[in-house]
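Novice: Model the following, please.
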Amino acid sequence: MQKTKGAFLMNKRYTVRYKCRKLLSYAAVAVLITTLTPGAASAAGTATELRAEGNRTTGAEEQPAETVRSRVAIIVDDFGNGMRGTDEMFELPVKITAAVMPFLSTTEQDAKRAHERGYDVLVHLPMEPRKGKPEWLGPGAVLTSMSDAEVRQRVEAALDNVPYAIGINNHMGSKVTGDERVMGIVLAVCKERGLFFVDSHTNYRSVAGKLARELGLPPVENHIFLDDVHSVGHVLKQMRLVQERALDQDFCVTIGHVGIQGKETAAGIRSGIAELKDHVDFVGISELVKQEWKWKAQLKLP
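Specialist: Predicted coordinates:
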């Protein structure tokens, strides 16, 4: 009984000591929190004040983020034959890209004229279509029936015939742009010469973009034809679609033409420019390709 009583008293004393230590621990923690928290808050406040003062000193808080405007590249096809609308296109108030057909009466003249105005020049290379009249192609056309050597010869000859060309786009060509063998040769020549290829998108099953990526070339393509209907009103409506696309996707490549309705196309583009100029920047195709695809190839002129 004495032993049990003694054990009870020992347990009681132990319990009291334990509770006292526990209370002391809580008290110590409370003191630490009370002591440290104001200092930590003060340090945080001081750091915030220093950062704010630094911003005031450097003017960092007053510097707005740089705004990059959406870009539009207008390519005008079919230069090279003194076609209707040629002068009107060269007189537009923004930079355009001139796509010049090879081996025609004003090929060299139109290419030089564009270059002197600071415009990019493309070879508007005739390519075999799935449908259409053969006479629409013009001289020097690339056909799917040609051998590899013949295709290469046609591409190189066209490039040599159009001065200042920095790339190629297709004239017609719905059949060729769907042919991996022929397009592979066209793009190989582009890569060798430091050029890029703009797919006019006459074939929605074109392999040009896929092959371009495989070769390390920028997969550039047309997004909107301006004059698939030949009227000023339609071209203006298409220019508004160009703006929508550019604002949504940051850029847009669009194609119009000189020719029978060339003056009407030029008038529609001019009206569209007046509406779009406060919302987008008009750039040459090479500028867009450098910005969008970081294109840095060294051009090798003939």
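Novice: Quick check: can you list the domain ranges of this structure?
Specialist: Domain assignment for the chain by automatic domain parsing gives 2-62, 70-293.
Novice: Could you identify which of the ones you listed is most buried?
Specialist: Highest mean neighbour count of those: domain 70-293, a mean of 19 (counted as mean count of other C-beta atoms under 10 Å). Quick note: C-beta positions are derived from backbone N, CA and C, even for glycine.
Novice: all strands for the stretch 51-200 of the chain, in order.
Specialist: In the stretch 51-200 of the chain, the strands defined using DSSP state E, counting those that start in this stretch lie at 70-79, 97-100, 120-127, 165-172, 196-199.
Novice: Include mean pLDDT when you put those into CSV, please.
Specialist: Output for these, formatted as CSV (pLDDT from 0 to 100):
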stretch, mean pLDDT
strand 70-79, 98
strand 97-100, 98
strand 120-127, 98
strand 165-172, 98
strand 196-199, 98
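Novice: okay, these in a markdown table with distance to Gly233 next?
Specialist: A markdown table is the format used below for the strands of the stretch 51-200 of the chain (distance: least, C-beta to C-beta, whole Å):
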| stretch | distance to Gly233 |
| --- | --- |
| strand 70-79 | 18 |
| strand 97-100 | 24 |
| strand 120-127 | 26 |
| strand 165-172 | 26 |
| strand 196-199 | 27 |
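Novice: which stretch among those strands comes nearest Leu236?
Specialist: Taking C-beta to C-beta, strand 70-79 is the member of the strands of the stretch 51-200 of the chain nearest to Leu236, at 13.5 Å.
Novice: got the angle between the closest one and strand 165-172?
Specialist: With axes from the mean of the first three to the mean of the last three C-alpha atoms, to 10 degrees defining the directions, strand 70-79 sits at 70 degrees from strand 165-172.
Novice: Direction included, what does strand 70-79 pair against?
Specialist: Each strand paired with strand 70-79, and its direction, by DSSP bridges: strand 97-100 (parallel), strand 251-257 (parallel), strand 280-282 (parallel).
Novice: Against which helices or strands is the next helix or strand after the second one packed?
Specialist: Put plainly, it is strand 251-257. Counting by DSSP states H and E, the next helix or strand C-terminal to strand 251-257 is helix 262-276. Judged by 3 or more C-beta pairs under 8 Å, 6 or more residues apart in numbering; DSSP states H and E, helix 262-276 is in contact with helix 86-90, helix 232-249, strand 251-257.
Novice: got these as CSV, with mean pLDDT and distance to Lys296 columns?
Specialist: Formatted as CSV, those follow (pLDDT from 0 to 100; distance: least, C-beta to C-beta, whole Å):
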stretch, mean pLDDT, distance to Lys296
helix 86-90, 98, 29
helix 232-249, 98, 23
strand 251-257, 98, 18
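Novice: I'd like these written out as JSON lines, with distance to Val207 added.
Specialist: Formatted as JSON lines, the helices and strands packed on helix 262-276 follow (distance: least, C-beta to C-beta, whole Å):
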{"stretch": "helix 86-90", "distance to Val207": "30"}
{"stretch": "helix 232-249", "distance to Val207": "22"}
{"stretch": "strand 251-257", "distance to Val207": "18"}
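Novice: so which of the ones you listed comes closest to Glu150?
Specialist: Nearest of these (C-beta to C-beta): strand 251-257, 27.5 Å.
Novice: Name the residues that touch that closest one?
Specialist: With contacts defined as C-beta atoms under 8 Å, 6 or more residues apart in numbering, strand 251-257 is touched by 70-78, 85, 89, 99, 198, 200, 220-227, 235, 238-239, 242-243, 245-246, 265-266, 268-269, 285, 288, 292.
Novice: again with stretch 202-222
Specialist: 75, 129-130, 167, 169-170, 172-175, 177-180, 183-184, 187-188, 190-191, 196-201, 253-255, 285, 288-289, 292-293, 295.
Novice: start to end distance for it?
Specialist: 9 Å (C-alpha to C-alpha, to the nearest Å).
Novice: now it, how far from the chain's geometric center?
Specialist: Relative to the centre of its chain, stretch 202-222 is centred 14 Å away, using C-alpha atoms, centre = their mean, to the nearest Å.
Novice: and if you look at stretch 207-223?
Specialist: 13 Å.
Novice: Ok, stretch 271-287 next?
Specialist: 15 Å.
Novice: Equivalent analysis for stretch 231-248, please.
Specialist: Taking mean C-alpha positions (C-alpha atoms, centre = their mean), stretch 231-248 and its chain are 18 Å apart.
Novice: go on, stretch 215-226?
Specialist: Counting by C-alpha atoms, centre = their mean, stretch 215-226 comes out at 9 Å from the chain centroid.
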